[in-house]
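Engineer: sharing a model that was predicted from the sequence below.
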Amino acid sequence: MSAQQRRGPSRPQHTAVQPARRVALDVLTAVRESDAYANLLLPTRIARAALSTADAALATELTYGTLRMQGYYDRVIAIAAGRPVDRIDPPLLDVLRLGAHQLLSTRVAAHAAVNESVGLAREVGSRSGTGFVNGVLREIGRHTPEEWRDQVASRAKNEDDRIAALASHPVWVVRALRRSLEAEGRVEELEELLKADNTAPRVNLIALPGLASEPDDARPDRFSPPGFTVGGGDPQGLVEESGGRIRVQDEGSQLAALALTRAQPVLEGERWLDLCAGPGGKAALLAAEALAGGATLVANELVPARAELVRRALAPVPLDVPVWELDGVVVGTEHPEAFDRILLDAPCTGLGALRRRPEARWRKTPRDVAELTTLQTALLDSAIAALKPGGLLAYVTCSPHLGETRGIVASALERHGDVLEQEATAETVQALANERLDLAGDPATVQLWPHRHTTDAMFIALLRKRAA
Ligand SMILES: C[S@@+](CC[C@H](N)C(=O)[O-])C[C@H]1O[C@@H](n2cnc3c(N)ncnc32)[C@H](O)[C@@H]1O
């Protein structure tokens, strides 16, 4: 018998819904219905609703927390409702997910979580839907979060399903992450990694080298020399005041770009290429480094709207950087042996950035991996062709999936073994970092991790084209 049936007709109280919850629900619905990106949509909805700082923080926590833990909450909701979630009206399911998050993972009082959810259900659903939401959430509130974890765990089909359920990741993602850690001999870190994926990342900043300095209250990053965080205050205000010379950028992304620029001294007149540059975070750092060393830079991005973002990101750097809008796959044939250094920050599943893209884990499938590895292979072939003999290439992904990382590098070495060789990437990254990193596995590549380095799980492989 379901919670709703057990209690009979419910009598939810009528309360005005808080604007923060309405904004959160609005974003959850847009993510489900139209594949919206929460990190892009949420700020515009917060601005449109003119939320106070406190309400904006609440809306952000509710939206991101609900999306991250959606897989787990769905299992709880299915038990409490006595039916699978695909048999619940989707708008009501959004309300239930938001309510479950408040009941199981926040300090919101249970009565407020239930009453506000009922108010939201009234706005999106029918009268019976309102009673249903009330019943299911009251059932959830009747047990402690620990009791729900036990219930969900006891229904898991196998060990991988149990880990995936409790950490709210798809099973195939758990397996891919485990394989990647296994390849480093660090499989025991899996649960810590999954936990880190469910933890909001800090706002990390960069002062573009030679163009801006850290503010007085900055806390330097552990690893990236130009990276820092600020305690309180408004990081966005800092970005605006600096005219874009201070930017928000993950520490792992900074290290990936710096691995290319600082692997060896820059020679006056070197030509650099950023093959897949949008939206331009690494391009801005490359441009600052090129300017300081007397090199030039070309940025390329296939998608015109993203190429525009690259131009905007580059605007604060006083270096003339052409932005091409070519398919990166043809750059090698159109511009053979033209560049001394190339960054290939390849389109990937983004499984290394689950902390900041909370819905991404539910969107990607193993089929995406297959499609992306085909594209990554073609882009890497093109980059190798565009590289001058003796030139240096950084192959980078924000995914730790072995198919997108070591697999791509290994197959490139097989195809281009006559001209391509691996560089000591770990040594390069250690040499440029402020503090020694705990790196494991093959020293020819670097895999960063959220749980170990508090960065996105960036993969970096430096490759050299042999001199003719
Ligand atoms: C991982 S992102 C790059 C992130 C960027 N380096 C940064 O730090 O902001 C990959 C980019 O490659 C672009 N892209 C996808 N397919 C491409 C292709 N065939 N040629 C060039 N760019 C492509 C995507 O639009 C996306 O902007």
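Structural biologist: Yes, it's here.
Engineer: how about the residues of the protein near the ligand?
Structural biologist: With Cβ under 6 Å from any ligand atom as the criterion, the chain comes near the ligand at residues 253, 276-282, 300-303, 306, 327-329, 345, 347. In this view, the C-beta of every residue, glycine as well, is placed from N, C-alpha and C.
Engineer: which among these end up buried?
Structural biologist: Those of these that meet the buried threshold are 253, 276-282, 300-302, 306, 328-329, 345, 347, by 16 or more other Cβ atoms under 10 Å.
Engineer: contacts only, for whatever residue of the stretch 301-450 of the chain ends up closest to the ligand.
Structural biologist: For the stretch 301-450 of the chain, the residue closest to the ligand is G328, as judged by Cβ to the nearest ligand atom, at 3.1 Å. Counting by Cβ atoms under 8 Å, 6 or more residues apart in numbering, G328 touches 275-276, 300, 302, 344, 379, 382-383.
Engineer: need the helices for the stretch 101-250 of the chain, in chain order.
Structural biologist: Taking DSSP state H, counting those that start in this stretch as the criterion, the stretch 101-250 of the chain carries its helices at 110-124, 127-141, 145-154, 159-167, 171-183, 190-197, 235-241.
Engineer: low-confidence regions, the stretch 251-400 of the chain specifically.
Structural biologist: For the stretch 251-400 of the chain, no stretch has pLDDT under 70.
Engineer: the strands in it, which residues?
Structural biologist: 271-274, 296-300, 323-324, 339-345, 387-397 (DSSP state E, counting those that start in this stretch).
Engineer: nearest to L120, of the ones you listed?
Structural biologist: L120 sits nearest to strand 387-397 of all the strands of the stretch 251-400 of the chain, at 38.4 Å, using Cβ to Cβ.
Engineer: so which bits of that closest one are buried?
Structural biologist: Using 16+ other Cβ under 10 Å as the test for burial, strand 387-397 gives 387-388, 391-397.
Engineer: elements contacting it?
Structural biologist: helix 251-261, strand 339-345, helix 366-386, helix 406-415, strand 459-465 (3 or more Cβ pairs under 8 Å, 6 or more residues apart in numbering; DSSP states H and E).
Engineer: sheet partners, orientation included, of the last one?
Structural biologist: This points to strand 459-465. For strand 459-465, the paired strands and their directions (DSSP bridges) are strand 387-397 (antiparallel), strand 420-422 (antiparallel), strand 445-447 (antiparallel).
Engineer: now do the last one: distance to the chain's middle.
Structural biologist: In this case it means strand 445-447. Distance of strand 445-447 from its chain centroid, counting by Cα atoms, centre = their mean, to the nearest Å, is 18 Å.
Engineer: against which helices or strands is the host helix or strand of L58 packed?
Structural biologist: Using DSSP states H and E, L58 sits in helix 53-68. If contacts are counted by 3+ Cβ pairs under 8 Å, 6+ apart, helix 53-68 sits against helix 19-34, helix 38-48, helix 90-105.
Engineer: Serialize these to CSV and add fields for mean pLDDT.
Structural biologist: Compiled in CSV, these are given as follows (pLDDT from 0 to 100):
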stretch, mean pLDDT
helix 19-34, 96
helix 38-48, 95
helix 90-105, 98
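Engineer: outside of stretch 31-45, which residues touch it?
Structural biologist: With contact meaning Cβ under 8 Å, 6+ apart, stretch 31-45 is reached by 23, 26-27, 30, 59-60, 63-64, 67, 90, 94, 356-359, 363.
Engineer: narrow these to just the buried residues.
Structural biologist: The buried subset of those (16+ other Cβ under 10 Å) comprises 23, 26-27, 30, 59-60, 63-64, 67, 94, 356-359.
Engineer: tell me which of the residues you listed is nearest to T296?
Structural biologist: Of all the buried ones among the contacts of stretch 31-45, R356 has the smallest distance to T296: 31.6 Å, by Cβ to Cβ.
Engineer: list the contacts of the closest one.
Structural biologist: Neighbouring residues of R356 by Cβ under 8 Å, 6+ apart: 39, 201, 250, 456.
Engineer: same check, this time on I140
Structural biologist: Taking Cβ under 8 Å, 6+ apart as the test, what I140 contacts is 76-77, 80, 99-100, 103-104, 148.
Engineer: who wins for most neighbours among those?
Structural biologist: Neighbour counts for these (other Cβ atoms under 10 Å) peak at G99, which has 31 neighbours.
Engineer: surely it meets E139?
Structural biologist: No: counting by Cβ atoms under 8 Å, G99 stays clear of E139, with 11.1 Å between them.
Engineer: picking up where we left off before, now distance to L462 too, for the strands of the stretch 251-400 of the chain, in JSON lines please.
Structural biologist: Rendered in JSON lines, the data for the strands of the stretch 251-400 of the chain read as follows (distance: least, Cβ to Cβ, whole Å):
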{"stretch": "strand 271-274", "distance to L462": "14"}
{"stretch": "strand 296-300", "distance to L462": "18"}
{"stretch": "strand 323-324", "distance to L462": "24"}
{"stretch": "strand 339-345", "distance to L462": "10"}
{"stretch": "strand 387-397", "distance to L462": "6"}
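Engineer: of those strands, which approaches W172 most closely?
Structural biologist: Taking Cβ to Cβ, strand 387-397 is the member of these nearest to W172, at 17.4 Å.
Engineer: which one is A256 nearest to, not counting chain neighbours?
Structural biologist: In space, and not counting its chain neighbours, A256 is closest to V396: 4.5 Å by Cβ to Cβ, 6 or more residues apart in numbering.
Engineer: please report how far the spatially most central residue of the chain lies from N39.
Structural biologist: Closest residue to the average C-alpha location of the chain: A353 at 2.4 Å, with Cα atoms, centre = their mean. Per Cβ to Cβ, to the nearest Å, A353 is found 10 Å from N39.
Engineer: check R22 too.
Structural biologist: Applying Cβ to Cβ to R22 and N39 gives a distance of 19 Å.
Engineer: kindly report the same for S154.
Structural biologist: As defined by Cβ to Cβ, S154 lies at a distance of 35 Å from N39.
Engineer: ends of stretch 429-444, how far apart?
Structural biologist: Terminal residues of stretch 429-444 are spaced 11 Å apart (Cα to Cα, to the nearest Å).
Engineer: how close does the residue nearest to P91 when sequence neighbours are not counted get to I88?
Structural biologist: Excluding the flanking residues, the one nearest P91 by Cβ to Cβ, 6+ apart is V124, at 4.2 Å. Distance, V124 to I88, by Cβ to Cβ: 12 Å.
Engineer: among those two, which residue is more densely surrounded?
Structural biologist: Comparing V124 with I88 by other Cβ under 10 Å, the one with more neighbours is I88, at 21 against 17.
Engineer: now do the contacts for that one.
Structural biologist: Per Cβ under 8 Å, 6+ apart, neighbours of I88: 77, 81, 96.
Engineer: separation between it and P322?
Structural biologist: For I88 relative to P322 (Cβ to Cβ), the value is 52 Å.
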